[in-house]
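Asker: return atomic coordinates for the entry below.
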Amino acid sequence: MDMPRSMNRVLGPVLCVLLIACGGGNDAPIVTGDPVPGGTGIVAVDGDFQVFNPVTNTALITTEVMNFMLFTPLIQFDENLEPIPALAESWDLEETGVTFHLRDDVYWHDGQPVTAEDVAFTFEMAKHPDAASLLESAFLNMVESAEVIDPHTIRFDFVAPHSQPMQAFWWPPLPKHLLEGVQPAELAQLPYNRAPVGNGPFRFASWEAGTQLVVEANDEYPDGLGGRPYLDRIVFRVVPEATTRLTEILTGATDVNYAVLPDEAQQVEGQQGVELISYPGRQFVYLGWNNERPPFDDARVRQAMMLGIDRQAIIDALMFGYAEIATGMIPPWSPVAPDVEPAPYDPEAARALLQEAGYSPGPNGIMMKDGQPLRFTLLTSEDRLRQDIAIVLQQQLRQIGAQVEVRSSEFQTLLQQHRAREYDAVLSAWILDTFRVDPNPLFSCEEARTPESSNRAGYCNPEADELAATGLQTIDDEEAKQVWTQFTEVLNQDQPISILFWQEQPAAVSERLQGVEMDVRGKLLTAPEWWIPAAQQ
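Answerer: Model (predicted):
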């Protein structure tokens, strides 16, 4: 999934929720006592929501509102990324498929019971080509069919035995009784998407596009799933300007700002009444090369670019430490993370590779080949941090003889050019939709042959395809880790894209809002457990 912005830090192989109480030091009041109901939490978001439909949505924050608040997914995940019950209270997992046993006490917000028919209906909608569903491509590509056994039992059959099979079921169903008869191609335009009837701990209340979303506590949510949330309501206010979001969290106008920029984190630290949180992320920042267009149709040039980038300098100067150098597209917190050293910063080796590719230094230090300078355009979004990174990249690559023109544009315009492969190089980011490793969308030959696909580099290497297929079918984590190590080494040699770092996200939380935890699973992970002391409501 493409994202215009960032996320966060990993310490050790086990995912830890990092709650760093930086606001107020020893003078910060300590909240004691049990959680109490009541009150309204205010969350500042940096952009509007998309569609509250799990089949057609592609926006991260909208997914989080659905998965943790408005809907109840089949499963959730614990802090070690192990599946835990949610709508499904238990399951029987085999190599060929999985059978889910659903709770019988979960109801849609209009009072109708949630059944296996809803789950099967959602699956069939997502699998239909006309729906063009991210749910199908990112989650269900290894799931072949669904069969309703009884009102609270459903069986899914897999295409083939594969690794991390439970990762495919982190999604909530849609209400069949409200949407039955809708054509898959119509799903994205339904009025339902802007006023959803869910089955989660919060109910949809209102949505004023570009301004705010309001959700309210569901009094009837099952005790076995946590019961009624503590807060009466949560208001998401759309605040695109970073400085405004920062001001509002520091002055108490909002309770949560989860999109704190790295340079703003220092301003949050030490402020009384505000807590700074840092948590792991699923997003990496990368340089995408158009493998179908000179000079990046030569892997040696792509390798040289990577060797010419001082990633640690960028992390120190612009990310303020809120990033980790990447070894590849498999995150460091994954149980199958490969044993691979990251590419070094080595300008001398970069220049040697360029000379091997036929370039020689020109009079002004720019590398030349066949009378043409090594010159290209680097596209980036209007995001301030991305623009700053692009300027540093421009300066660093100048040192190895590359002349880089930086051109920024609105994110959707950038994305359109990127998808159409109408670019030389692009600075962008990619967020993993699930915790399951699946490199095919970004790197497979099949996707390279598909117009407008996620493989926007146009990269195709049958060896990489074969390793990816093996890795996806290897059930044992240690064996899979060895396969993914080989896969990562092939990609690092080819450099179809240069993955710079896993980005981290500092977030700010007001002292009055309790129970807030964030980690790689999401920002709204504990939203039903947020609470405000009675004296501060």
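Asker: surely Asp54 and Pro172 touch.
Answerer: Small correction: residue 54 is Pro, not Asp. Yes. Counting by Cβ atoms under 8 Å, Pro54 touches Pro172, with 5.5 Å between them. Backbone N, C-alpha and C define where each C-beta goes, glycine included.
Asker: what touches both of these two?
Answerer: 66, 71, 122 (Cβ atoms under 8 Å, 6 or more residues apart in numbering).
Asker: the second one and Pro54 touch, don't they?
Answerer: It refers to Phe71. Yes. Using Cβ under 8 Å, Phe71 makes contact with Pro54 at a distance of 6.9 Å.
Asker: shared neighbours of the two, anything?
Answerer: With Cβ under 8 Å, 6+ apart as the test, Phe71 and Pro54 both reach 172-173.
Asker: could you pull out the strands for the stretch 51-200 of the chain?
Answerer: Counting by DSSP state E, counting those that start in this stretch, the stretch 51-200 of the chain has strands at residues 75-77, 83-85, 88-93, 97-102, 143-150, 153-158.
Asker: what about the stretch 251-400 of the chain, any weak spots by pLDDT?
Answerer: When the per-residue scores of the stretch 251-400 of the chain are filtered using pLDDT under 70, no range remains.
Asker: roughly how far does Gly401 sit from Pro347?
Answerer: 10 Å (Cβ to Cβ, to the nearest Å).
Asker: what do you get for His128?
Answerer: For His128 relative to Pro347 (Cβ to Cβ), the value is 51 Å.
Asker: all helices for the stretch 301-450 of the chain, in order.
Answerer: 311-317, 347-356, 384-398, 411-419, 440-443, 445-448 (DSSP state H, counting those that start in this stretch).
Asker: ignore the last one, the stretch 51-200 of the chain
Answerer: Going by DSSP H, counting those that start in this stretch, the stretch 51-200 of the chain shows helices at 60-65, 116-127, 134, 176-179.
Asker: what's the closest of these to Leu250?
Answerer: The closest of the helices of the stretch 51-200 of the chain to Leu250 is helix 60-65. By Cβ to Cβ, the value is 21.8 Å.
Asker: who are the contact partners of the spatially closest residue to Ala205 that is not a sequence neighbour?
Answerer: Sequence neighbours aside, Val214 is the residue nearest to Ala205 in space, at 4.2 Å (criterion: Cβ to Cβ, 6 or more residues apart in numbering). By Cβ under 8 Å, 6+ apart, Val214 lies in contact with 205-207, 233-236.
Asker: hmm, back to that, which single one of the shared contacts of Pro54 and Pro172 is nearest to Leu379?
Answerer: For the shared contacts of Pro54 and Pro172, the nearest to Leu379 is Met66 (31.2 Å; Cβ to Cβ).
Asker: and the closest one, how close does it get to Cys460?
Answerer: Distance from Met66 to Cys460, by Cβ to Cβ: 35 Å.
Asker: of Gly401 and Pro347, which one has the most company?
Answerer: The neighbour comparison of Gly401 against Pro347 (other Cβ atoms under 10 Å) goes to Gly401, with 24 against 17.
Asker: give the contact list for that one.
Answerer: Gly401 touches 351, 354, 359, 361-362, 365-367, 374, counting by Cβ under 8 Å, 6+ apart.
Asker: how's this structure carved up into domains?
Answerer: Annotated domains of the chain cover 1-46+202-278+505-537, 283-503 [automatic domain parsing].
Asker: please produce a markdown table containing these, extended by distance to Ala116.
Answerer: Formatted as a markdown table, the entries for those read as follows, by distance: least, Cβ to Cβ, whole Å:
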| stretch | distance to Ala116 |
| --- | --- |
| domain 1-46+202-278+505-537 | 17 |
| domain 283-503 | 22 |
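Asker: tell me where the longest helix sits in this structure.
Answerer: helix 477-494 (DSSP state H).
Asker: determine how far that helix lies from the middle of the whole chain.
Answerer: With Cα atoms, centre = their mean, to the nearest Å as the basis, helix 477-494 stands 22 Å off its chain's centre.
Asker: and for that helix, what's in contact with it?
Answerer: 163, 299, 302-303, 327-330, 335-340, 343, 437, 439, 443, 459, 461, 463-464, 467-468, 470-471, 474.
Asker: these, buried ones only, as a PyMOL selection?
Answerer: Buried residues within the contacts of helix 477-494, by 16 or more other Cβ atoms under 10 Å, are selected in PyMOL with:
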select buried, resi 163+299+302+303+327+328+329+330+336+337+338+340+343+437+439+443+459+461+464+467+468+470+471+474
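Asker: could you tell me whether Met499 really is in a helix?
Answerer: Not quite, residue 499 is Ile, not Met. No. Assessed with DSSP: H, G, I helix; E, B strand; the rest coil, Ile499 is strand; it does not lie in a helix.
Asker: which pLDDT value goes with it?
Answerer: Looking at Ile499, its pLDDT reads 98.
Asker: repeat that for the one 5 residues further on.
Answerer: Turning to Glu504, the model gives it a pLDDT of 90.
Asker: is it true that it touches Phe320?
Answerer: No. With contact defined as Cβ under 8 Å, Glu504 does not count as touching Phe320 (9.7 Å).
Asker: can you tell me which of the contacts of Val214 are buried?
Answerer: 207, 233-236.
Asker: mind listing what's buried in stretch 398-417?
Answerer: For stretch 398-417, by 16+ other Cβ under 10 Å, it's 400-404, 406, 408, 411, 414-415.
Asker: export that stretch to CSV, keeping only CA atoms.
Answerer: Only the C-alpha atoms of stretch 398-417 are listed here, as CSV (Å, rounded to 0.1, in the frame of the first residue of the first chain):
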residue,chain,number,x,y,z
ARG,A,398,26.3,14.5,-6.9
GLN,A,399,29.4,13.3,-5.1
ILE,A,400,29.4,10.1,-7.2
GLY,A,401,28.8,12.0,-10.4
ALA,A,402,25.0,11.9,-10.8
GLN,A,403,23.1,15.1,-11.7
VAL,A,404,19.7,14.9,-10.0
GLU,A,405,16.8,17.3,-10.6
VAL,A,406,14.3,17.1,-7.8
ARG,A,407,10.7,17.7,-8.8
SER,A,408,7.8,17.6,-6.3
SER,A,409,4.1,17.3,-6.9
GLU,A,410,0.8,16.6,-5.1
PHE,A,411,0.7,13.0,-3.9
GLN,A,412,-2.0,11.7,-6.1
THR,A,413,-0.4,13.2,-9.2
LEU,A,414,2.9,11.6,-8.2
LEU,A,415,1.2,8.3,-7.7
GLN,A,416,-0.4,8.5,-11.1
GLN,A,417,3.0,9.0,-12.8
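Asker: noted, bye for now.
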